[in-house]
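S.K.: this is a predicted model, with the sequence first.
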Amino acid sequence: GAGVSQSPSNKVTEKGKDVELRCDPISGHTALYWYRQSLGQGLEFLIYFQGNSAPDKSGLPSDRFSAERTGGSVSTLTIQRTQQEDSAVYLCASSPAYTYGDGYTFGSGTRLTVV
Amino acid sequence: DQQVKQNSPSLSVQEGRISILNCDYTNSMFDYFLWYKKYPAEGPTFLISISSIKDKNEDGRFTVFLNKSAKHLSLHIVPSQPGDSAVYFCAASGNAGNMLTFGGGTRLMVKP
């Protein structure tokens, strides 16, 4: 597609349930990033995939969070046993290999609300 | 520990005047800096960047200034337009392909 696509755009879930957020990057982009923006906060790095290399998971806030990227394309961010503090907008970005950031294209995000 | 800080959460400017958004960083390994703009319900979009070997980069109405000794950068928008009203994020990178570290954002409101 022309841009980064994220689904769903909005998700309301009950505390304790698991959720899956999906990101379809731009075709050919080898790097994929997940960030989240909590209310009134900046963008917090979560995880970074680059080609076939092991992902950089240093930003994942707890072991309830995991992500995978299948076939070097689509990525799924999974949050298990959701908590209210997980409520945020989850943003995915993709870029060509080895860029200084001006090649990042962000999706519109998934707004997750845990009730 | 916030490595990139935007100390002003909001800024209000009259149309036609200059908007100055500020950003401070602490990590001396950062060597590339960017500004992103974000409208509600949209993802951030790249606006302008600067390498640490420069102290100024200009693109139309937007200019970014970098003061390495002070670990400070600023974004100047002149003249400001109502369509510039958005949240502006400062970001920094240590090397190509590495993840960006973002500041907390500054909400700019340009009044007609």
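M.R.: Right, received. Where do you want to start? Numbers count the residues shown, from 1 in each chain, chains lettered A, B, ... in the order given.

S.K.: not including adjacent chain positions, what is the nearest residue to A:Thr105?
M.R.: A:Val4 (5.3 Å; C-beta to C-beta, 6 or more residues apart in numbering or on different chains). C-betas here are computed from N, CA, C, even on glycine.

S.K.: now residue 34, what are its backbone angles?
M.R.: No chain specified, so I'll use chain A. Phi and psi for A:Trp34, reported as degrees, to the nearest 10, are phi -120, psi 130.

S.K.: if you could check chain B rather than the one you did, that'd help
M.R.: Torsion angles at B:Leu34 (phi, psi; degrees, to the nearest 10) stand at phi -140, psi 160.

S.K.: hang on, isn't it packed against B:Ser93?
M.R.: Yes - taking contacts as C-beta atoms under 8 Å, B:Leu34 lies within contact range of B:Ser93: 7.4 Å.

S.K.: give the residues shared as contacts by those two.
M.R.: The contact sets of B:Leu34 and B:Ser93 overlap at A:100-101, B:100 (C-beta atoms under 8 Å, 6 or more residues apart in numbering or on different chains).

S.K.: top of those by neighbour count?
M.R.: Of all these, the highest neighbour tally under other C-beta atoms under 10 Å in any protein chain shown goes to B:Leu100, namely 27 neighbours.

S.K.: residue contacts, the residue nearest to that one when sequence neighbours are not counted?
M.R.: Excluding the flanking residues, the one nearest B:Leu100 by C-beta to C-beta, 6+ apart is B:Ala91, at 4.3 Å. Neighbour list for B:Ala91: A:43, A:101, B:4, B:33-36, B:100-103 [criterion: C-beta under 8 Å, 6+ apart].

S.K.: which secondary structure element contains B:Ala91?
M.R.: B:Ala91 is located in strand B:86-93, with elements delineated by DSSP states H and E.

S.K.: so does the lowest-mean-pLDDT helix or strand in chain B get close to chain A?
M.R.: Sorting the helices and strands of chain B by mean pLDDT, DSSP states H and E puts strand B:101-102 at the bottom, at a mean of 92. Yes - using C-beta under 8 Å from any C-beta of the partner chain, strand B:101-102 reaches chain A at B:101-102.
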